[in-house]
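Undergrad: give me coordinates for this.
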Amino acid sequence: MAIEMHNAYYGSGEETRALFNDLKIQSDDNFLEHLNKYNCLMLNMLEFLSSTRTLEEMFSRITRLAVKDVKEEFPNVILSDEKDIVQIIRETYQQTWC
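TA: Just a heads-up that it's a prediction; the model follows:
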């Protein structure tokens, strides 16, 4: 539950202010400063572990799905190495936030 709330607060995917209406954080002076301002990548590691047999398979699947998500969300991002998850995240950040 906590990770979903974290993603709902920071993630820019949709307007989520109403989810926080009855929570103490909504009355904080800085509440709106970070609300829905960032691109978030949420990974459910248990889901990945249970759907693969080895760590190599798991990392390969994570990388493949990350490439898919980046291409859907940021079609203009150019990835130099679609097999390197660190490079994928770095290049996505550089080309969308800098």
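Undergrad: surely residue 7 is in contact with residue 42?
TA: Yes - using Cβ atoms under 8 Å, residue 7 is in contact with residue 42, at 5.0 Å. All C-beta atoms are positioned from the backbone trio N, CA, C, and that covers glycine.
Undergrad: of those two, which one has the most company?
TA: residue 7 (15 against 10; other Cβ atoms under 10 Å).
Undergrad: list the contacts of the more buried one.
TA: Contact partners of residue 7, counting by Cβ atoms under 8 Å, 6 or more residues apart in numbering, are 40, 42.
Undergrad: and it, that one's in a strand?
TA: No - secondary structure of residue 7 (DSSP: H, G, I helix; E, B strand; the rest coil): helix, not part of a strand.
Undergrad: quick one: contacts for residue 84?
TA: If you count contacts by Cβ under 8 Å, 6+ apart, then residue 84 has residue 63 around it.
Undergrad: how about stretch 66-76: buried residues?
TA: 66-67, 70 (16 or more other Cβ atoms under 10 Å).
Undergrad: an error on my part: the question was meant for stretch 56-66.
TA: Judged by neighbour count using 16+ other Cβ under 10 Å, the buried positions of stretch 56-66 are 58, 62-63, 66.
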